[in-house]
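Undergrad: Provided below for reference: sequence and predicted model.
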Amino acid sequence: MAILTIWIVFWVEVKFGVNLNDYGIYPRKLSGLKGVLFSPFIHGSVAHLYNNTIPLAVLMAFLFYFYRSAALRVLIFGTLVSGLLTWIIARPSYHIGASGVIYLLASFIFFKGILAKNYRLVALSLIVVFIYGSMIWYIFPVKDGISWEGHLSGFATGLVLALITKVKVPEVRKYDWERDDYREEEDPFLQHFDEQGNFIESNVGEDGQNIEIRYHYKKSEKD
């Protein structure tokens, strides 16, 4: 829904020839506070919009699939806090775009996965680093025309939320043989093998008695 909304807003700007940049974040002015709510939906060009759409869609999918219990809270609260932080620290200019939210999500997913110490979530953190790790440079003023302050605010907010937000960690599935009460002699699969590892097949003969067949495996031609 959020992805569709930012495209609709951009279409309205193009269709009706309006410029909504004034609804972005303008630091340290009360009128600029409205951008905390509206700036993620406003983009300056098709390239700007396109570059934000795919990462936003991917990271939101990760968030809502792996952190469902806290996803909405992280998204809403994180967007507001990072927007306020941008309003406090940024240069006097209109700051627009969803890139701050992207940094928020990437930061939260990465750090929460590492802190959770769950192999699935750690793997997710590594995927985020592999795909979006190069974004880290843009929390610094390395390129003109981008809101590195918004990126930094989103990144810092994601880190803090990863530290303080409690999530339901997926339970690690344990196989029968990993359980504390596991007894090897009661394992129905292992009962098909003898102490030497030879397979035992049981058949019922014509007289109704069990016939036990053992398959011996040779390690070499000499056996």
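TA: Here it is on my side, so go on.

Undergrad: how about the nearest residue to P55, chain neighbours excluded?
TA: Leaving aside its chain neighbours, P55 sits nearest to I102 (4.9 Å; criterion: C-beta to C-beta, 6 or more residues apart in numbering). Just so you know, the C-beta spots here come from the backbone N, C-alpha and C atoms, and that holds for glycine as well.

Undergrad: make sure that neighbour is actually in contact with L56.
TA: Yes - if you go by C-beta atoms under 8 Å, I102 and L56 touch, sitting 5.6 Å apart.

Undergrad: next, the residue sitting nearest the centre point of the chain: phi, psi?
TA: Centroid-nearest residue in the chain: F62, 3.6 Å away (criterion: C-alpha atoms, centre = their mean). Backbone dihedrals for F62, given as degrees, to the nearest 10, come out at phi -60, psi -50.

Undergrad: V18 too?
TA: Residue torsions, per degrees, to the nearest 10, at V18 are phi -110, psi 160.

Undergrad: now do the same contact list for it.
TA: V12 (C-beta atoms under 8 Å, 6 or more residues apart in numbering).

Undergrad: can you give me the helices for this protein?
TA: Assigned by DSSP state H, the helices in the chain fall at 2-16, 35-38, 46-66, 71-89, 99-116, 119-132, 148-164.

Undergrad: not counting its neighbours along the chain, what's nearest the residue nearest to the centre of the chain?
TA: Using C-beta to C-beta, 6+ apart and skipping the chain neighbours, the partner closest in space to F62 is I109 (5.6 Å).

Undergrad: from what I can see that neighbour touches S125, true?
TA: Yes - judged on C-beta under 8 Å, I109 makes contact with S125 at a distance of 6.6 Å.
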